[in-house]
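K.L.:
here is a sequence with its predicted model. Questions after.
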Amino acid sequence: MTSKKPKTRLKLNARIVSGPEASDLDLDAMWRLRLDYLDLRLPEQEDWQRFCRFCRKERTVLALFEDADGALQGYFTFTFEPIARTGRKALLIHSKYYYVRTAARGHPKITTAAWRLLPGLLRRYGLRRLYVIAFAFPTSFVSLSRTFGGAMTIQDPATPNWEREVLADFSREQAGADWDPEAGVIRYQSVPQGENRPVPTGIQALQARYEGFNPDWQDGVSLPIMMKLDAPTVWSTMKTNLRRMLR
């Protein structure tokens, strides 16, 4: 009986780039990778300009993951927004773009790169409550809900008032004219490819929860969500990352 050879893991190098200092070359590679995974609702030139404007915002970092040949295999962006509201301080971490090619998905280098940023955040902003914010379609909502043990939305009556108000104000500031304050969603967005695939049984409840909050997502409507980044979540994610490294 012939034993199977262990699967060779893709070798990735992680590179952290300050958004305001990002080169046109890096942004072009990031933008073109993104085009492979969604159907644009805007003209390409307009989308390119929006993409560059966001990636070069103040307090934004880009995490790039390249293979041994220097080809971009994935990336994510984080923008950090310190806030103080009604006596509470927090740091909002906005994950605007996250795209990874299939061969690199689940790679421990990707999670490790995010944790590398934490010491610098503590030095710059001090001890604050940490929240991750994303404007989600079904797949990202399911993934983030499972990672963080749940996701808060504006529509959910269980969301605390402080978090609901912060999420709504942040979404309005970021989305501008695309913000729909009545529905608590962001319109005129490009839908990632693959969102219409059959939903596996194990995540049907989360998919239904998402669609209850955002029934019009197929029309290019994204849902603002907020997750609290606390010690149990950090520990759970680190354990998952360790298991991936030992595979």
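P.N.:
On my side now, so go ahead.
K.L.:
OK, contacts around the residue nearest in space to the middle of the chain?
P.N.:
What sits nearest the mean C-alpha location of the chain, by Cα atoms, centre = their mean, is residue 95, with 3.8 Å. With contact set as Cβ atoms under 8 Å, 6 or more residues apart in numbering, residue 95 has these partners: 76-78, 132-134. From N, CA and C alone the C-beta is placed, and that goes for glycine too.
K.L.:
one more: residue 221?
P.N.:
180, 183, 185-187, 189, 214.
K.L.:
can we see that at 10 Å?
P.N.:
Contacts for residue 221 (Cβ atoms under 10 Å, 6 or more residues apart in numbering) come out as 135, 137, 178, 180, 183, 185-189, 191, 214-215.
K.L.:
between those residues, which sits nearest residue 56?
P.N.:
Residue 56 has its nearest neighbour among these in residue 135, at 18.8 Å by Cβ to Cβ.
K.L.:
sec struct for that closest one, please.
P.N.:
At residue 135 the chain is in strand, as set by DSSP: H, G, I helix; E, B strand; the rest coil.
K.L.:
partners of the nearest residue to it once chain neighbours are set aside in the sheet?
P.N.:
Nearest non-adjacent residue to residue 135, counting by Cβ to Cβ, 6 or more residues apart in numbering: residue 222, 4.2 Å away. Residue 222 has these beta-bridge partners by DSSP bridges: residue 186.
K.L.:
number of nearby residues for residue 222?
P.N.:
Here the number of neighbours of residue 222 (other Cβ atoms under 10 Å) works out to 24.
K.L.:
just residue 56 next, same as before
P.N.:
15.
K.L.:
okay, it: pLDDT?
P.N.:
We have a pLDDT of 98 for residue 56.
K.L.:
over to residue 107?
P.N.:
Note for residue 107: predicted pLDDT of 86.
K.L.:
what do you get for residue 100?
P.N.:
Reported pLDDT for residue 100: 92.
K.L.:
that one and residue 195: what is the separation?
P.N.:
16 Å (Cβ to Cβ, to the nearest Å).
K.L.:
what about those two, which has more around it?
P.N.:
Ranked by neighbour count (other Cβ under 10 Å), residue 100 and residue 195 place residue 100 first, with 18 against 13.
K.L.:
where along the protein do the strands fall?
P.N.:
13-18, 38-39, 60-66, 72-85, 88-94, 98-100, 129-136, 152-153, 179-180, 185-186, 191-192, 223-228 (DSSP state E).
K.L.:
hey, least reliable of the ones you listed by pLDDT?
P.N.:
When I compare the strands of the chain, strand 38-39 is least confident, with a mean of 88.
K.L.:
that's all I had, so thanks and see you.
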